[in-house]
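[1] Sharing a model that was predicted from the sequence below.
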Amino acid sequence: MPLWTYVTARWQALLMDSYLHASAVVQATVLAALIGVGLGVAVYRSPLGSAVATALTSAILTIPSFALLGLLIPVLGLGVPPTMVALVLYALLPIVRNTVVGLNGVDRSVVDAARGIGMSRLRVLTGVELRLAWPAILAGMRVSTQLLMGIAAIAAYVKGPGLGNLIFSGLSRVGSVNAVELALVGTVGVIVIALLLDGAYVLVGRLTTSRGIRD
Amino acid sequence: MADRADRIRLFAQPVVVLAVVAGVLVWATTRQLDDIEQRNINFPTLLELTWQHLLLAIAVTAVVVLVGVPLGIVLTRRWARFAAPVVLTLANIGQAAPAIGVLVLFFLVTASTGFWVAALPIALYSLLPVLRNTIVGIRQVDPTLCEAGRGIGMSASAVLRRIELPLAVPLILAGLRTSLVLAVGTATLAFFVAGGGLGVLIDTGDKLARYSVLVVGAVLAMALALLVDWLGGLAEEFLGPKGLR
């Protein structure tokens, strides 16, 4: 069957898999951002804490995703739980690192000024420091999202949702009709979603960056 | 901060990795093992799979260095500079492709199995960091240094060999470290196309519900990746030009 006929015949199912893939990645990125920014805020004032957090999260990033997913099977079983845990863990490093770098990049005199006009420590953090660090944090989230696209495809091995399932069914049908089409559609689908999400980040960046530091 | 994190990893990483591997191996070999476990958890098998895994990573690295560095150098020459953005865009899109998809597609399209069927797509997938860092590394060399080199009578190739490349080495090494980690990680997927490696143990353990086999495979794969990354860190620390250290 020509590729085009294949795609049009299964349009709905493909759209569903694409949606599930994107949804898993976006949810994991958001969750990782909540945890990662919290972690970054907790450690950014201590050089040692920052170093330990960076070292730990970058060590996690080094672990092969297939090995981590495998290790999670005995603990969490199959399906969504191991997929989400793995995705969130891998998304942490870029976000934590960029949060720490972004917060440390905030001009001290700006913080002093904010304190001087009577803002509390918390107000300074949420109203000044995090806002100024936001572009850096968002850049970290963007890197994490790109990273997760590929890992989510591997997560189909532990029965996770998304386009990886197409690739694996292509693999299991090796030699028969549609094997190449399945793998091709799955792979290209991931690339397309990755590019779309990357574009979405540019838009989100425009809309959420404070006016004073927008370029 | 980054320097300090690097130093922590340089010291802590090998210690933690060796301790965990030793612990898991002792745990796995001192238990009462059934038939299937005995066939998978024994030192000859573990050694062979680890070696396959390492061999894949070495082959991938060789291809990446032999292709990525020369290609990066060519793309910084004046006559080919216009092609650099095109190649980098293509490589970036390629990087967005899922590793498992690239691996499976290559296998399905070539309709063959074995070492190179796994190694070539992994190499393609791991190429970008070295390519990009070679280009960036050479571009960031101060042009006045190159002019000074030409001024004292060096040929263009001598400038490349004795000024541009040595100054780009730190970045190229950083790219190589990223590529290596990618390669070791992706090599766990090689078993899907009958390429061997430690992924075999993970899959066997999962399929036959012998979690001890799975855990040993996963821990060895993790340990290998962390050790390779550590060696890459050492190389970055000690192989750069002396003047820049």
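    The structure has been received and is ready for your questions.
[2] For the residue of chain A found nearest chain B, grab the count of nearby residues.
    Nearest residue of chain A to chain B: residue A:187, at 3.1 Å (CB to the nearest CB). Where C-beta positions appear, they are placed from N, C-alpha and C, glycine not excepted. Using other CB atoms under 10 Å in any protein chain shown, residue A:187 is surrounded by 25 other residues.
[3] same check, this time on the one 5 residues further on
    A count of neighbours around residue A:192, defined by other CB under 10 Å, yields 13.
[4] Check residue A:114 too.
    By other CB under 10 Å, the residues close to residue A:114 number 19.
[5] coming back round to it: ok, and the closest non-adjacent residue to the residue of chain A closest to chain B?
    residue B:101 (3.1 Å; CB to CB, 6 or more residues apart in numbering or on different chains).
[6] if I read this right, the residue of chain A closest to chain B contacts residue B:102, doesn't it?
    Yes. If you go by CB atoms under 8 Å, residue A:187 and residue B:102 touch, sitting 6.8 Å apart.
[7] Which pLDDT value does the model give the residue nearest to residue A:78 when sequence neighbours are not counted?
    Excluding its sequence neighbours, the residue lying closest to residue A:78 (CB to CB, 6+ apart) is residue A:159, at 4.3 Å. Predicted confidence (pLDDT) for residue A:159: 88.
[8] Hmm, residue A:159 is touching residue A:77, no?
    No. Counting by CB under 8 Å, residue A:159 sits too far from residue A:77 to count as a contact (9.0 Å).
[9] picking up where we left off before, so which bits of the host helix or strand of the residue of chain A closest to chain B are buried?
    Taking DSSP states H and E as the criterion, residue A:187 maps to helix A:179-208. In terms of neighbour count (16 or more other CB atoms under 10 Å in any protein chain shown), helix A:179-208 has its buried residues at A:179-191, A:193-194, A:197, A:201, A:205.
[10] Return the list of helices and strands in contact with it.
    In terms of contacts (3 or more CB pairs under 8 Å, 6 or more residues apart in numbering or on different chains; DSSP states H and E), helix A:179-208 is packed against helix A:3-9, helix A:11-43, helix A:130-154, helix A:164-172, helix B:84-96, helix B:99-110.
[11] report the angle between the axes of the fourth one and helix A:130-154?
    An angle of 30 degrees separates the directions of helix A:164-172 and helix A:130-154 when computed by axes from the mean of the first three to the mean of the last three CA atoms, to 10 degrees.
[12] ok and the residue in chain B nearest chain A?
    residue B:101 (3.1 Å).
[13] That residue touches residue A:154, doesn't it?
    No. Residue B:101 is not in contact with residue A:154 according to CB under 8 Å; the separation is 9.6 Å.
[14] Tell me how many other residues crowd residue B:128.
    Residues near residue B:128, counting by other CB under 10 Å: 21.
[15] And the pLDDT at it?
    If you check residue B:128, the pLDDT there is 87.
[16] To which secondary structure element is it assigned?
    Here residue B:128 is covered by helix B:115-139, with elements defined by DSSP H and E.
[17] what sits against residue B:159?
    B:146, B:149, B:150 (CB atoms under 8 Å, 6 or more residues apart in numbering or on different chains).
[18] and those residues, which of them are in strands?
    The strands, defined by DSSP state E, take in nothing from those.
[19] Flag the shaky bits of the chain, pLDDT-wise.
    No chain in the question, so chain A it is. Applying pLDDT under 70 to chain A flags residues A:1-2, A:215.
[20] not quite, I wanted chain B
    Chain B contains residues with pLDDT under 70 at B:1-2, B:245.
[21] What is the neighbour count of residue B:178?
    So residue B:178, with other CB under 10 Å, has 18 neighbours.
[22] actually residue A:41, not the one I wrote
    Neighbours around residue A:41, by other CB under 10 Å: 17.
[23] Settle this for me: it is touching residue A:103, isn't it.
    Yes. Counting by CB under 8 Å, residue A:103 is a contact partner of residue A:41 at 7.1 Å.
[24] Look up which helix or strand the nearest residue to residue A:160 once chain neighbours are set aside falls in, please.
    Leaving aside its sequence neighbours, residue A:160 sits nearest to residue A:83 (CB to CB, 6+ apart; 3.4 Å). Assigned by DSSP H and E, residue A:83 belongs to helix A:80-104.
[25] ok, then the element right after that helix?
    The helix or strand immediately downstream of helix A:80-104 is helix A:108-116, counting by DSSP H and E.
[26] Centre of the chain to that next one, how far?
    The gap between where helix A:108-116 is centred and where its chain is centred comes out at 33 Å by CA atoms, centre = their mean, to the nearest Å.
[27] now the angle between helix A:130-154 and that helix, please.
    Using the same axes, to 10 degrees, helix A:108-116 lies at 120 degrees relative to helix A:130-154.
[28] any idea where the helices of chain B begin and end?
    Ranges of helices in chain B, per DSSP state H, are B:2-30, B:35-40, B:43-74, B:84-96, B:99-110, B:115-139, B:143-151, B:156-159, B:165-187, B:199-207, B:211-239.
[29] how about these, which one is nearest residue A:138?
    helix B:84-96 (18.4 Å; CB to CB).
[30] Say whether chain A is contacted by the closest one.
    Yes. Helix B:84-96 reaches chain A (CB under 8 Å from any CB of the partner chain) through B:93, B:95, B:96.
[31] Give me the buried subset of the residues you listed.
    B:95, B:96.
[32] Next, format the residues of helix B:84-96 next to chain A as CSV and append distance to residue A:214.
    CSV is the format used below for the residues of helix B:84-96 next to chain A (distance: CB to CB, whole Å):
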residue, distance to residue A:214
B:93, 28
B:95, 28
B:96, 27
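[33] could you dump the helices and strands packed on helix A:179-208 to TSV with distance to residue B:177?
    As requested, those are exported to TSV (distance: least, CB to CB, whole Å):
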stretch	distance to residue B:177
helix A:3-9	38
helix A:11-43	23
helix A:130-154	17
helix A:164-172	27
helix B:84-96	16
helix B:99-110	18
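[34] For residue B:3, find the nearest of those helices.
    helix A:11-43 (16.0 Å).
[35] Tell me if I'm right that residue A:157 and residue A:165 touch.
    No. Applying CB under 8 Å, one finds residue A:157 not in contact with residue A:165, separated by 9.7 Å.
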